[in-house]
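>>> Any chance you can model this:
(chains A and B)
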Amino acid sequence: MVLTLLGAGLIGAVIGLIVLRGGFYNIAATQQHYPLIYTVFEEGLQYSVQNHARDIQVPEGLGAPAQLLRGAAVYKANCIQCHGGPGVAPLTQGMSMQPVPGPLVDADVNWETRELYWITRNGIKMSGMPAWEYHLSDNDIWAVVAFVSAMPNMTQKDFRRMTSTEAAAATVTQGEAP
Amino acid sequence: MTAARIPAMMALAMLVAACGPTRPAPGIQGDPERGKIALTQYACHSCHAVPTIAGSKVFVGRPLDDMAERRYIAGKVPNTQANLVRWIMDPQAIDPGNAMPAMGVSERDAIDISAYLLSQ
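Residues are numbered from 1 along each chain as shown, chains lettered A, B, ... in the order given. Prediction:
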């Protein structure tokens, strides 16, 4: 019994090594994952974020108008390139990534607010999602989380207005929202 | 045993990868197989659930599993291949204010994507 198990393990390891060293796995980004592999990764992602974000406290009064405007400016500067927005396409870099960054208008279906903050701050390994902790202030991370949380209620017009250059310029003169 | 298993596994993998239409349905122009890949390169599956393409559960665009049966596109124009190609290339031209952005799809790619969607 033990020998059989060991033998099976050894055969498995040899096959694994052959596939790995033979270069048979197609690493091309045009080749989609097999659905099962994708689902396993995504489930793991969900549980990991849930676990790591569990102690984060969402600041009170998140989503005040000034903060939303600041969040829109941050979104335009750093997020829209890959995620796009209502009626706004991402850049080609964001479109053809694997895994695809995807829209954020339904982010609140999959994630709690504290989880959105954690993902924005820490990024997601091997997905192309960068960590913003060292590149954005904490206020700006919360502002963009507030903006993303407000996106489901925006029409294409609202979104374009909030991410317009004039709206962004107005925010800069106001400084950082609390 | 080992030698026999590798080709068997590779055959299985190729079978799974080859899911989805490979030839256009009658009366449909374009290359569905190429369209399936093109579809992922314009991130269609980031907003739309598409059968045979692995992806997250998304709730933004409508699922695209029954496009051959659909009568209208966005409730605006009849679902012909020509209209579907127009829609994929520039949704705003058919339905201003629609949340689906123009993704910069070329005509050739739009024809192949529509061939894939209409041949399922």
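
>>> And the closest residue to residue B:100 other than its chain neighbours, how far from residue B:118?
Leaving out its chain neighbours, the residue that sits closest to residue B:100 by C-beta to C-beta, 6 or more residues apart in numbering or on different chains is residue B:91, at 4.4 Å. Yep, even glycine has a C-beta here, placed from its N, CA and C like the rest. Using C-beta to C-beta, to the nearest Å, we find residue B:91 at a distance of 17 Å from residue B:118.

>>> Same drill for those two, tell me which one is more crowded.
In this view residue B:91 and residue B:118 are compared by other C-beta atoms under 10 Å in any protein chain shown, and residue B:118 has more residues nearby, 24 against 20.

>>> does that one really touch residue B:25, like I thought?
Yes - Residue B:118 is within contact range of residue B:25, at 6.0 Å (criterion: C-beta atoms under 8 Å).

>>> what touches both of those two?
Common neighbours of residue B:118 and residue B:25 (criterion: C-beta atoms under 8 Å, 6 or more residues apart in numbering or on different chains): residue B:68.

>>> Quickly find the element holding residue A:74.
helix A:65-78 (DSSP states H and E).

>>> Check which residues of that helix are buried.
A:67-76, A:78 (16 or more other C-beta atoms under 10 Å in any protein chain shown).

>>> Output it in CSV, but only the C-alpha positions, please.
What follows is helix A:65-78, C-alpha atoms only, in CSV (Å, rounded to 0.1, in the frame of the first residue of the first chain):
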residue,chain,number,x,y,z
PRO,A,65,-19.3,64.6,-2.1
ALA,A,66,-15.8,66.1,-1.8
GLN,A,67,-14.3,62.7,-1.2
LEU,A,68,-16.1,61.2,-4.2
LEU,A,69,-14.7,64.0,-6.4
ARG,A,70,-11.2,63.3,-5.1
GLY,A,71,-11.8,59.6,-5.6
ALA,A,72,-12.8,60.3,-9.2
ALA,A,73,-9.5,62.1,-9.8
VAL,A,74,-7.5,59.2,-8.3
TYR,A,75,-9.5,56.7,-10.4
LYS,A,76,-8.9,58.7,-13.6
ALA,A,77,-5.2,59.0,-12.8
ASN,A,78,-4.6,55.3,-11.8
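
>>> And that helix, what does it pack against?
For helix A:65-78, the packing partners by 3 or more C-beta pairs under 8 Å, 6 or more residues apart in numbering or on different chains; DSSP states H and E come out as helix A:138-150, helix A:156-162, helix A:165-174.

>>> what angle separates it from helix A:138-150?
90 degrees (axes from the mean of the first three to the mean of the last three C-alpha atoms, to 10 degrees).

>>> Which SSE is immediately downstream of helix A:65-78?
helix A:80-83.

>>> Is chain B within reach of that next one?
No - contact of helix A:80-83 with chain B (C-beta under 8 Å from any C-beta of the partner chain) is absent, the minimum separation being 8.8 Å.

>>> what's the answer for stretch A:50-57, then?
No - Stretch A:50-57 lies out of reach of chain B by C-beta under 8 Å from any C-beta, never closer than 15.7 Å.

>>> Stretch A:87-94 now?
Yes - for stretch A:87-94 and chain B, the contact criterion (C-beta under 8 Å from any C-beta) is met by A:87-90, A:92, A:94.

>>> from the residues you listed, which ones fall inside helices?
Mapping these onto helices (DSSP state H) picks out A:92, A:94.

>>> where does chain A come near chain B, residue by residue?
Checking chain A against chain B by C-beta under 8 Å from any C-beta, the hits are A:11, A:14-15, A:18-19, A:24, A:30-35, A:37-39, A:42, A:84, A:86-90, A:92, A:94-96, A:98, A:100-103, A:105-106, A:109-110, A:155-157.

>>> Drop anything exposed from the residues you listed.
Among these, those classed as buried by 16+ other C-beta under 10 Å are A:32-33, A:38, A:42, A:84, A:86-90, A:94-95, A:100-103, A:105-106, A:110, A:156.

>>> what residue ranges in chain A are flagged as low confidence?
Within chain A, the stretches with pLDDT under 70 are A:168-178.

>>> which residue packs closest to the residue nearest the centre of it, ignoring adjacent ones?
By C-alpha atoms, centre = their mean, chain A has its centre lying nearest to residue A:129, at 5.4 Å. What sits nearest to residue A:129 in space, not counting adjacent residues and going by C-beta to C-beta, 6+ apart, is residue A:123, at 4.9 Å.

>>> check contacts around the one you found.
By C-beta under 8 Å, 6+ apart, the neighbours of residue A:123 are A:129-132.
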